[in-house]
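missing the sequence, but the structure's below:
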């Protein structure tokens, strides 16, 4: 067991570590850097969108759609910035894992163009909103201390990022990337509906889980006997992020011939850990039944709905189902001898 | 390796279990009743303005005096001051925040400091549901200008905002006692209970309330504020609907009440403690108020502002006991005036709607 995991780790991105030029390694680091700078702010943006969304759902469900509309209109820049960040994460990842140079160039070009458009709309929306009085002033200070000025600045930054992406596509036309191309099967048809959707869901859960685990450090009440509940809940969120991280930076970078085994064993580890965590979560709620509302309401934004711990339970199930899917996929890979 | 991971997981579970025992020692309210008490000077005509379910949030504009909730609340308070001549105390009865953050809390504290009227804030079910630690917001209101908020850390009284405000005569005796209770957030019986219900006033809170009342004298009249309805509201409503005699009721019930399925009937405790009236918030589309045959008034505040949701009152609602000739939103505030120290008080509801052609303002006496 240890051997295969160690091998999986050491041979991650095998094509680069053992075969690639220093220039390709630099490119790889560049893509890794891009994914980090998109993931972290994207996670917080997604969290805030998630928060606002539940408020709007509450307004609509309670018969005041006018309040939901008012809020939605004020939060448009946040949605656009969140979308731009996630788009950036997706298209840079797509370019990194492109099947050929043409596809890589196309992803930079298309992603950059849409990013410019999102940036322009964001910046224009804030400016028009301030002029028309939708925002009382350029710095109202809600959502973030500089809102909506920070959204305006983000819009300008995205315009720049978009043009740089388009420019990078042009650079790649003149001088192809040193990175190799992936040989994975593409996601089409049934695979797109299954693995594609699962990946998107996993990414969303990982991003919200990351933001929730960071917020959780400040929001969770670790006193008054809620320590155990708070730790377990925090780990539930954090594990969703860790699983995605392991998937992205270890599994996806592993030599194709050992991926099946790696998927089974990584899946088994996470399955055990997450089953224990979920069981602990249920035990702690059983013992400190008021804990979710008293100690952790801040990172359970859906809990005003009439069900128990909607978010925590959703994360518990996600954290258990994901390794099961990984194990199943790994077994199929091993059987077929494919990646 | 596999065994090691299993062992580590079990070890982790045991560690967390041990850590769970690290709670601080609980202190008893009986040992320091005086720590729950704030005092104010009493006068005949003492006025208490109740603001409730503000949902200060920012998604619909805060933080600027010209916009949104801040402008609306300022109008409500100014209108109440103009109407009553003076507001002595503002009771903010829960759900002041929801899905909010520290920026919004600070802006509310700044706003109330700017108003300059002493205020007592209590927890609603949504106030914990924001990106701050519940202990943080407690600390903010413990030190905020004009705030009378009191909370005893780790005591044996359920939840947080359980405190009283004794309105004192010049000789130091208590003329009225204002009791604030924390009716909590949600409640479940355990991990397998998916039928989440609202929290409720616990026996230890009622015992503490009785102890505080005994400390000032059993004949001192009391007004009680908390957030979520207890069973008394449904009981009174049903009794009135079935034609029971001796009740008085007024105002609107467009939503029904949302008590916990465990909520106690509190009228007996109210009578024992000379509670003249109980006022709550929570249900945005209600401001229904009744007085039982035993003389205890159970009232609902008027939602202060439109945040999250509110009720529109159409023409032709006859069972509210109010004459009105245009539709309006059920938002505003309610005003209690303590007439004298014998337990007589007045109650008025303010409906204030902002309109382009001029604000709609209506005061209705109970």
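Nice, thanks for sending it over. Note that the structure is predicted; figures quoted are calculated from it, not measured. Numbers count the residues shown, from 1 in each chain, chains lettered A, B, ... in the order given.

Please determine how far the spatially most central residue of chain B is located from chain A.
With distances taken as CA atoms, centre = their mean, residue B:93 lies nearest the centre of chain B, 2.4 Å away. From residue B:93 across to chain A, the span is 18 Å (CB to the nearest CB, to the nearest Å). Backbone N, C-alpha and C define where each C-beta goes, glycine included.

So which bits of the stretch 51-200 of chain A are right by chain B?
Within reach of chain B by CB under 8 Å from any CB of the partner chain, the stretch 51-200 of chain A has these residues: A:51-52, A:54-56, A:58-59, A:62-64, A:66-67, A:70-71, A:74-75, A:136-137, A:140-145.

In PyMOL, select just the buried ones from those residues.
Listed next is the PyMOL selection for buried residues among these, using 16 or more other CB atoms under 10 Å in any protein chain shown:
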select buried, chain A and resi 51+52+54+55+56+58+59+62+63+64+67+70+71+74+75+136+140+141+142+143+144
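
Looking at the residues of the stretch 51-200 of chain A next to chain B, which are in strands?
Judged by DSSP state E, these include no members of strands.

Next one: residue B:56 relative to residue B:110, how far apart?
11 Å (CB to CB, to the nearest Å).

Give me the below-cutoff pLDDT ranges for the stretch 101-250 of chain A.
A:183-194, A:224 (pLDDT under 70).

Could I get the contacting residues of residue A:43?
Contact analysis of residue A:43 by CB atoms under 8 Å, 6 or more residues apart in numbering or on different chains lists A:206-208, A:210-211, A:214.

now with 10 Å?
Contacts for residue A:43 (CB atoms under 10 Å, 6 or more residues apart in numbering or on different chains) come out as A:82, A:85-86, A:89, A:203-204, A:206-214, A:241.

Now residue 84: closest residue in space, sequence neighbours ignored.
No chain in the question, so chain A it is. In space, and not counting its chain neighbours, residue A:84 is closest to residue A:118: 4.3 Å by CB to CB, 6 or more residues apart in numbering or on different chains.

switch to chain B, that's the one I care about
Spatial nearest neighbour of residue B:84, excluding adjacent residues (CB to CB, 6+ apart): residue B:47 at 4.7 Å.

mind checking pLDDT for residue A:262?
Looking at residue A:262, its pLDDT reads 88.

wait, is residue B:177 part of a strand?
Yes: Residue B:177: assigned to a strand according to DSSP: H, G, I helix; E, B strand; the rest coil.

about what we covered before: the residue nearest to residue A:84 and residue B:347: what is the separation?
Residue A:118 is 53 Å from residue B:347, by CB to CB.

Pick out whichever of the two has more residues nearby.
Neighbour count, other CB atoms under 10 Å in any protein chain shown: between residue A:118 and residue B:347, residue A:118 has more, with 25 against 21.

who touches residue B:296 in this structure?
Residue B:296 neighbours (CB under 10 Å, 6+ apart): B:224, B:232, B:236, B:266-271, B:274-278, B:290.

just the helices in chain B please.
With DSSP state H as the criterion, chain B has helices at B:2-19, B:68-84, B:102-115, B:134-143, B:203-216, B:231-241, B:267-272.

Can I get the ones you listed in CSV including mean pLDDT and mean neighbour count?
CSV is the format used below for the helices of chain B (pLDDT from 0 to 100; neighbours: other CB atoms under 10 Å in any protein chain shown):
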stretch, mean pLDDT, mean neighbour count
helix B:2-19, 65, 13
helix B:68-84, 93, 19
helix B:102-115, 92, 19
helix B:134-143, 94, 17
helix B:203-216, 97, 19
helix B:231-241, 96, 18
helix B:267-272, 97, 18
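
could I get those as a markdown table with distance to residue B:258?
Putting the helices of chain B into a markdown table (distance: least, CB to CB, whole Å) gives the following:
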| stretch | distance to residue B:258 |
| --- | --- |
| helix B:2-19 | 35 |
| helix B:68-84 | 23 |
| helix B:102-115 | 24 |
| helix B:134-143 | 22 |
| helix B:203-216 | 19 |
| helix B:231-241 | 9 |
| helix B:267-272 | 19 |
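
okay, now the domains of chain A?
Domain segmentation of chain A under automatic domain parsing yields A:20-182, A:187-339.

Present the ones you listed as JSON lines; the columns should include distance to residue B:242.
Listed next are those as JSON lines, based on distance: least, CB to CB, whole Å:
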{"stretch": "domain A:20-182", "distance to residue B:242": "28"}
{"stretch": "domain A:187-339", "distance to residue B:242": "28"}
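
before we move on, back to that, among the residues of the stretch 51-200 of chain A next to chain B, name the ones in helices.
Secondary structure assignment by DSSP H places A:51-52, A:54-56, A:58-59, A:66-67, A:70-71, A:74-75 of these in helices.

Report the two of these separated the most.
A:51 and A:66 (20.0 Å; CB to CB).

burial count for residue A:25?
By other CB under 10 Å, the residues close to residue A:25 number 15.

Work out for me the element it sits within.
In this structure, residue A:25 sits in helix A:22-61 according to DSSP states H and E.

Quick one: mean pLDDT for that helix?
89.

returning to what we had before: list just the nearest of the contacts of residue B:296 to residue A:274.
Checking the contacts of residue B:296 against residue A:274 with CB to CB, the nearest one is residue B:266 at 44.1 Å.

List the contacts of the nearest residue to the closest one once chain neighbours are set aside.
Nearest residue to residue B:266 in three dimensions, chain neighbours excluded: residue B:230, at 5.1 Å (CB to CB, 6+ apart). Applying CB under 10 Å, 6+ apart to residue B:230 gives the contacts B:181, B:183, B:200-201, B:257, B:259-260, B:262-267, B:269, B:278, B:280, B:298.

try 6 Å this time
By CB atoms under 6 Å, 6 or more residues apart in numbering or on different chains, the contact list for residue B:230 reads B:201, B:259, B:263-264, B:266.

swap in residue B:101?
Going by CB under 6 Å, 6+ apart, residue B:101 touches B:130-131.

so how far is chain B from residue A:233?
Applying CB to the nearest CB to residue A:233 and chain B gives a distance of 11 Å.
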